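Peer 1: give me a 3D structure for the following:
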Amino acid sequence: MSDTDREILNLFLTSSLIVLVLVALVIVFVVNYQRRLWKHKSQLRDIEIEHQKDLLSSAHEAIEITQKRIAADLHDDLGASISTAKLQLNTLEGGDSVNEVLSSSLQSLRRIVNDLMPPTLADFGLKSALQELVNHANQGTLNVELDWLSPTERFESKTELVLYRIAQELLNNSLKHSEASQISFTFTEDEGEAQLAFHDNGKGFDPQNVKKNVGLLNMASRAQVIGGNFSYRTGPNQGFSAQVSAPVTANATLHG
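Peer 2: I've put the predicted structure just below:
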C-alpha cells in the first residue's frame with residue numbers, strides 16, 4: 001500500500017470516527033432532551049393533579065361550610081320559632097291540631113338539620129354516626145346493618161366527614177332506586193388504610209349506561225380529597241356493591 005493510499009485510508013477512518021462521535025453526541029443530546037422534557041411534563045402533570053385535588057377539596061369544604069351554616073340557622077332561628085309557637089298554642093283553646101302540625105314540622109326540621117350536619121359525627125365519631133344513619137333507615141321490611149370490624153372508633157375529622165357523606169349518599173341512592181330489602185355497611189381498618197364497603201340486594205343497573213352519573217362522580221371526587229379511592233360493582237338484577245378506601249395515620253386515628 002502506497003503512502004498516498006495509507007493517507008487516504010487514515011483520513012477516511014478519522015472522518016468516520018468523527019462522524020460516529022458526532023452521531024453519538026446527537027443521540028445523547030436527544031435522549032437527554034427527551035428525558036428533561038418528559039420530567040418537565042411529569043412535573044407539570046403532578047402540579048395539575050395537585051391543583052385539581054386542591055380545587056376539589058376547596059369545593060367540598062365550601063359545601064360543608066355552607067351546609068353547617070344553613071343547619072345552624074335552621075336550628076337556631078326556625079327551630080326556635082316553631083318551639084315558641086308550640087308553647088303559645090298550649091295556652092289557647094283548640095290549638096291541638098295546629099300543635100300537631102308544628103310538632104311534625106319540628107321533627108322534619110330536626111331531620112333536615114341532622115342530614116346537613118349530623119351532631120353525632122362531631123361529638124361521637126364515625127362509628128356512632130353510621131350506626132345512627134343505619135338505625136334511622138331500618139323501617140318496614142327493609143333491613144340495614146353495620147358491621148364495624150375496626151378497634152378504632154375515631155379518626156381525623158376530615159376523613160370521618162368524607163366517609164360519612166359517601167355512606168349517606170350510598171344509602172340514599174339505594175333507598176330511592178334499588179328496591180333492596182337488605183343493605184349492609186362493613187368498616188375495616190388494616191395497615192394504615194380504612195375501608196368502608198357497601199352492598200344492597202337491589203335490582204342493580206347496567207354500568208355502561210351510567211358513565212357520567214353525578215352521584216357516583218361526586219363520591220369518587222370526595223374520596224380523592226382524602227387521598228382515597230372509590231369503586232363499585234353492579235349489573236342488572238345483581239345488586240350494587242361499593243368500596244371506599246382511605247389512608248389513616250396512627251397519630252390521627254384518635255381525637256377528642
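Peer 1: wait, is residue 154 part of a helix?
Peer 2: No - with DSSP: H, G, I helix; E, B strand; the rest coil as the criterion, residue 154 is assigned coil and is not in a helix.
Peer 1: need the pLDDT of it.
Peer 2: The per-residue pLDDT reported for residue 154 equals 88.
Peer 1: that one reaches residue 125, doesn't it?
Peer 2: Yes - taking Cβ atoms under 8 Å as the definition, residue 154 is a contact partner of residue 125 at 4.3 Å. From N, CA and C alone the C-beta is placed, and that goes for glycine too.
Peer 1: so for those two, which residue has more residues nearby?
Peer 2: residue 125 (20 against 16; other Cβ atoms under 10 Å).
Peer 1: where does the stretch 1-150 of the chain dip in pLDDT?
Peer 2: By pLDDT under 70, the low-scoring segments of the stretch 1-150 of the chain are 1-3, 5, 8-9, 12, 40, 43-117.
Peer 1: would you map the strands across the stretch 101-250 of the chain?
Peer 2: 143-148, 182-190, 193-200, 229-234, 240-247 (DSSP state E, counting those that start in this stretch).
Peer 1: nearest to residue 10, out of these?
Peer 2: strand 229-234 (66.4 Å; Cβ to Cβ).
Peer 1: and the gap between residue 13 and residue 236?
Peer 2: Noted for residue 13: a distance of 75 Å to residue 236, by Cβ to Cβ, to the nearest Å.
Peer 1: dump stretch 172-183 to CSV, restricted to CA.
Peer 2: What follows is stretch 172-183, C-alpha atoms only, in CSV (Å, rounded to 0.1, in the frame of the first residue of the first chain):
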residue,chain,number,x,y,z
ASN,A,172,-80.0,7.4,50.0
ASN,A,173,-79.4,6.2,46.4
SER,A,174,-80.2,2.7,47.4
LEU,A,175,-83.4,3.7,49.2
LYS,A,176,-84.5,5.7,46.2
HIS,A,177,-83.6,3.5,43.3
SER,A,178,-82.6,-0.1,44.3
GLU,A,179,-85.8,-1.6,45.7
ALA,A,180,-83.5,-3.6,48.0
SER,A,181,-84.6,-5.4,51.1
GLN,A,182,-81.1,-5.9,52.6
ILE,A,183,-78.4,-3.2,52.9
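Peer 1: what lies in contact with that stretch?
Peer 2: Under the criterion Cβ atoms under 8 Å, 6 or more residues apart in numbering, residues 137, 141-145, 171, 198-204, 215, 239-240 lie in contact with stretch 172-183.
Peer 1: now the buried members of these.
Peer 2: Listed as buried from these are 144, 171, 198-204, 239-240; burial here means 16 or more other Cβ atoms under 10 Å.
Peer 1: can you redo those residues as JSON lines with distance to residue 248?
Peer 2: Formatted as JSON lines, these follow (distance: Cβ to Cβ, whole Å):
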{"residue": "144", "distance to residue 248": "25"}
{"residue": "171", "distance to residue 248": "22"}
{"residue": "198", "distance to residue 248": "19"}
{"residue": "199", "distance to residue 248": "22"}
{"residue": "200", "distance to residue 248": "26"}
{"residue": "201", "distance to residue 248": "30"}
{"residue": "202", "distance to residue 248": "30"}
{"residue": "203", "distance to residue 248": "34"}
{"residue": "204", "distance to residue 248": "31"}
{"residue": "239", "distance to residue 248": "28"}
{"residue": "240", "distance to residue 248": "25"}
